[in-house]
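>>> following is a predicted model, sequence given first.
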Amino acid sequence: MADYSRLSRLPVPLLEWYRGNRRILPWREDPRPYRVWVSEIMLQQTRVEAVLPYYERFLRELPDIPALAAAPEEQLLKLWEGLGYYSRVRNLQKAARTVCEQYGGELPGDYEAVKALPGIGEYTAGAICSIAFGLPTPAVDGNVLRVVCRITGDETPVDSPALKRRCREELAPLYPEGAAGDFTQALMELGAMVCLPGGAPRCGECPAREFCAACASGDPERLPVKPPKKPRRIEQRRVWVVLSPAGVLLHRRPGRGLLAGLWELPGAPEGEGFPLGWETPAGAEPIGTARHIFSHVEWQMEGELWRLPEARELPEGWRWADAAALAGEVALPSAFQAFRGFLPKA
DNA sequence: AAGACGGGGGA
DNA sequence: TCCCCAGTCTT
């Protein structure tokens, strides 16, 4: 069924296409290993356009691996605030420390060594080693999976680990001498710009149209074959905006799990009272509802505003945050965006 | 093999 | 609404 021999015709026209159509991106202009590494971590499950504003700022504040290794956690989380998947930045720093201890502060140009670092899996190791070190190591992401399934006509479900392995094995021998980084990026660029998901592939401008099985079938969007989707859990929560002269009351989330270690507006499951056991003050007012959708869970929040005449002592894991703290040191995840309007403003 | 883990942009 | 994105880690 799947005809992987079609892939052998891809490298020449793909590279030609890439050189005339590639986007100018900061990590492409200066592909030093650290810069490529940071870009690849940020780009995990995240679109290029979303990453751009974060990338330059991150590199400016943490310009090299030793600086990353030494950064305080609050600076890391602030630099990542709103980007999501916060374990990425924790693992990034953990890996930076390992690189400082074991490799003198420079990323090793070796696939297995790179892949052994926390936060770096098959895809990211292949991307870093091909783009930054010129090694023929395929980087098979969602884009590449889609491109390969369509060209070969492979109907294996895209979430199958076997398919990913097959793609790596078939692509590795096709890597052109001296153009590993371009080939890796060209495959992804094609998926991002031409071989689009859903019903929008631009086969007319595709360098692979002459030998693509999906294009020839006349129904390219049939591939790749996607697994059935699963419903997400819904959680009802009450969320409090508690204001005092010292600022807004925040709670630090547990070190693991959803939004690990980030600050949040105090909340409780529907029906439970205020977490610190405080009495509801006179003048407490509802401030509307908000919904936030994560990939696997949905929060339905009812907001309540409390204005306290003076600040109170707080246990460990709680703090007051004024406008300056919110701007400079506290990372508040996007889930609370709807209530930002009630928070202290500079 | 299946879930957990964020958030946003486009159809 | 749903899809899905330059995925990885844990169970």
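Looks like it came in fine. Residues are numbered from 1 along each chain as shown, chains lettered A, B, ... in the order given.

>>> residues in the stretch 1-150 of chain A within reach of DNA strand C, list them.
A:25, A:28, A:39-40, A:43-48, A:85, A:87, A:91, A:118-125, A:127, A:141-143, A:146 (CB under 7 Å from any atom of the strand). All C-beta spots, glycine's among them, are computed from the backbone N, C-alpha and C.

>>> as a quick check, tell me the outermost residue of chain A.
Distance to the chain centre peaks in chain A at A:Ala282, reaching 42.9 Å (criterion: CA atoms, centre = their mean).

>>> what separation is there between it and A:Pro309?
Between A:Ala282 and A:Pro309 the distance is 11 Å, computed by CB to CB, to the nearest Å.

>>> try A:Glu40
50 Å.

>>> check A:Leu258 too.
Separation of A:Leu258 from A:Pro309 (CB to CB): 34 Å.

>>> more crowded one of the two?
Using other CB atoms under 10 Å as the criterion, A:Leu258 and A:Pro309 rank with A:Leu258 on top: 15 against 7.

>>> residues contacting A:Arg253?
By CB atoms under 8 Å, 6 or more residues apart in numbering, the residues touching A:Arg253 are A:259-264.

>>> go again with 6 Å.
With contacts defined as CB atoms under 6 Å, 6 or more residues apart in numbering, A:Arg253 is in contact with A:259, A:262, A:264.

>>> what do you get for A:Ile41?
A:88, A:92.

>>> could you point out which element follows the strand or helix carrying it?
According to DSSP states H and E, A:Ile41 maps onto helix A:33-42. Later in the chain than helix A:33-42, the nearest helix or strand by DSSP H and E is helix A:48-61.

>>> and for the residue of chain A at minimum distance from DNA strand B, nearest residue in space, chain neighbours not counted?
Here chain A gets closest to DNA strand B at one residue, A:Gly84, 2.6 Å apart by CB to the nearest atom of the strand. Among residues not flanking A:Gly84 along the chain, A:Thr46 sits closest, at 7.1 Å (CB to CB, 6 or more residues apart in numbering).

>>> hang on, the earlier thing: distance from the chain centre to the helix holding A:Ile41, please.
Put simply, helix A:33-42 sits 12 Å off its chain's centre (CA atoms, centre = their mean, to the nearest Å).

>>> now that helix: mean pLDDT?
Averaged across helix A:33-42, the pLDDT comes to 98.

>>> close to DNA strand B, is that helix?
No - using CB under 7 Å from any atom of the strand, helix A:33-42 stays clear of DNA strand B, with a minimum separation of 8.8 Å.

>>> just the angle for that helix relative to helix A:48-61, thanks.
Between helix A:33-42 and helix A:48-61, the angle comes out at 140 degrees (axes from the mean of the first three to the mean of the last three CA atoms, to 10 degrees).

>>> buried stuff in helix A:33-42?
A:33-42 (16 or more other CB atoms under 10 Å).

>>> now do the residue nearest to A:Phe294 when sequence neighbours are not counted against A:Phe339, distance only.
Nearest residue to A:Phe294, sequence neighbours excluded (CB to CB, 6+ apart): A:Leu258, at 7.1 Å. A:Leu258 sits 18 Å away from A:Phe339, going by CB to CB.

>>> what's the answer for A:Leu332, then?
Distance from A:Leu332 to A:Phe339, by CB to CB: 10 Å.

>>> convert the helix holding A:Ile41 to PDB, retaining C-alpha atoms only.
Extracted in PDB, the C-alpha atoms of helix A:33-42 (Å, rounded to 0.1, in the frame of the first residue of the first chain):
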ATOM      1  CA  PRO A  33      23.500  25.200  18.800                       C
ATOM      2  CA  TYR A  34      22.100  27.000  21.900                       C
ATOM      3  CA  ARG A  35      19.900  29.200  19.700                       C
ATOM      4  CA  VAL A  36      18.600  26.200  17.800                       C
ATOM      5  CA  TRP A  37      18.000  24.300  21.000                       C
ATOM      6  CA  VAL A  38      15.900  27.100  22.600                       C
ATOM      7  CA  SER A  39      13.900  27.500  19.400                       C
ATOM      8  CA  GLU A  40      13.100  23.800  19.200                       C
ATOM      9  CA  ILE A  41      11.900  23.600  22.800                       C
ATOM     10  CA  MET A  42       9.700  26.700  22.300                       C
END
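
>>> all strands of the stretch 201-346 of chain A, in order?
Counting by DSSP state E, counting those that start in this stretch, the segments of the stretch 201-346 of chain A that form strands are A:233-244, A:247-252, A:263-264, A:267-269, A:285-293, A:297-307, A:318-321.

>>> in a helix, the residue of chain A closest to DNA strand B, correct?
No - secondary structure of A:Gly84 (DSSP: H, G, I helix; E, B strand; the rest coil): coil, not part of a helix.

>>> and it, what's its pLDDT?
98.

>>> what about it, neighbour count?
The burial count for A:Gly84: 16, using other CB under 10 Å.

>>> cool, A:Glu210 as well?
11.

>>> and A:Val89, by the same measure?
Per other CB under 10 Å, the neighbour tally for A:Val89 reads 24.

>>> list the contacts for it?
A:Val89 touches A:76, A:80, counting by CB under 6 Å, 6+ apart.

>>> give me phi/psi at it?
Here is the backbone geometry of A:Val89 (degrees, to the nearest 10): phi -80, psi -30.

>>> swap in A:Asp154?
According to degrees, to the nearest 10, A:Asp154 has phi -80, psi 120.
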